[in-house]
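Peer 1: Pasting the sequence and the predicted model now:
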Amino acid sequence: MNRNRSIISTVCVLFAALVLAGCYQPVDYPVIVDVPPPPSVTVPLEHHYIVGTSIENRPIICTVLGEGQDVTFILAAIHGSEPAGIPLVHRLVRYLQQHPQLLQGRKVVLLPVANPNGVAHNTRSNARGVDLNRNFSTANRLNSKRFGRTALSEPEARVIDRLIRQYTPDRIVSIHQPLACIDYDGPALALASRMAQHCNLPLIELGPKPGSLGSYAGVTLRIPTITLELPYIADRLNSERLWQRYGPALIAAVVYPDRVR
């Protein structure tokens with residue numbers, strides 16, 4: 001035992017002498033870093049930014065995926081008491097991140113919560129009691145306390161208008177509840193029919209409502225505009241079941257008409 005201790009002590013002394021003399025260099029282990037995908041995989045350009053604030057200064061957050069010329073604008077919860085579209089939009093973001101090939105030549109602008117005060121208080125209107133989906137500048141607009149004394153009187157509606165003007169979308173999808181159908185405004189019949197092929201919602205033209213987004217974007221600006229009306233019980237479904245039922249219709253809108261400029 002004493003002999004073993006003597007050997008160990010001698011080795012330690014020699015090792016210390018080598019270090020002091022500079023004859024020993026510690027092993028330089030490689031640092032593990034994130035490895036970029038191979039060149040064959042295209043990573044979509046992605047931005048998340050605050051595009052505005054609500055009456056109660058809640059942030060309105062926009063996500064933009066891709067950098068192509070073909071643009072789809074998708075928004076949810078313009079009516080705060082219709083929240084089922086929120087997890088559906090978040091799920092679409094994740095799906096596009098996982099399938100970047102769908103973004104070749106395309107850009108997708110997403111507004112998951114268009115009316116954050118309404119969502120927080122579970123109300124259709126914003127914090128001033130104005131129905132944001134009646135606050136746009138249209139020929140059929142009605143000025144009132146409920147719809148706003150003037151067009152675009154509400155900051156949340158101005159955010160939506162600014163995004164439309166900034167990105168000039170080729171199509172718009174606004175997710176609502178509870179009418180359980182696919183409604184459309186403007187030159188959107190073909191797009192609505194395509195989306196209806198990918199879910200169990202019937203295609204029904206409800207007609208442009210005074211000051212609505214459909215009246216503004218679809219009728220006035222001639223942008224194909226879809227109102228994706230989910231059923232009343234949709235907000236009781238988890239995000240995965242929502243995605244299974246209605247995600248394919250959103251994907252169909254993004255890739256419509258299955259070619260890009």
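Peer 2: Now that the structure is in, tell me what you want to look at. Computed from a predicted structure; not experimentally measured.
Peer 1: need the strands for the stretch 151-261 of the chain, in chain order.
Peer 2: Secondary structure of the stretch 151-261 of the chain by DSSP state E, counting those that start in this stretch: the strands cover 171-176, 179-185, 225-231.
Peer 1: ranges for the helices of this structure?
Peer 2: Remark: helices of the chain, listed N- to C-terminal, are 2-21, 85-98, 116-121, 155-167, 189-196, 213, 239-255; assignment by DSSP state H.
Peer 1: could I get those helices as TSV with distance to N57 and mean pLDDT?
Peer 2: To be clear about C-beta, it is placed using only N, CA and C from the backbone, and glycine gets the same treatment. Output for those, formatted as TSV (distance: least, C-beta to C-beta, whole Å; pLDDT from 0 to 100):
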stretch	distance to N57	mean pLDDT
helix 2-21	61	41
helix 85-98	20	96
helix 116-121	9	98
helix 155-167	10	98
helix 189-196	35	98
helix 213	23	98
helix 239-255	28	97
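Peer 1: Output these as CSV; include the columns distance to H79 and mean neighbour count.
Peer 2: Shown next, in CSV, are the helices of the chain (distance: least, C-beta to C-beta, whole Å; neighbours: other C-beta atoms under 10 Å):
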stretch, distance to H79, mean neighbour count
helix 2-21, 71, 10
helix 85-98, 10, 19
helix 116-121, 6, 20
helix 155-167, 11, 19
helix 189-196, 20, 19
helix 213, 11, 28
helix 239-255, 17, 19
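Peer 1: Format these as JSON lines; extra columns: distance to S137.
Peer 2: Converted to JSON lines, the helices of the chain look like this (distance: least, C-beta to C-beta, whole Å):
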{"stretch": "helix 2-21", "distance to S137": "78"}
{"stretch": "helix 85-98", "distance to S137": "24"}
{"stretch": "helix 116-121", "distance to S137": "21"}
{"stretch": "helix 155-167", "distance to S137": "8"}
{"stretch": "helix 189-196", "distance to S137": "23"}
{"stretch": "helix 213", "distance to S137": "11"}
{"stretch": "helix 239-255", "distance to S137": "25"}
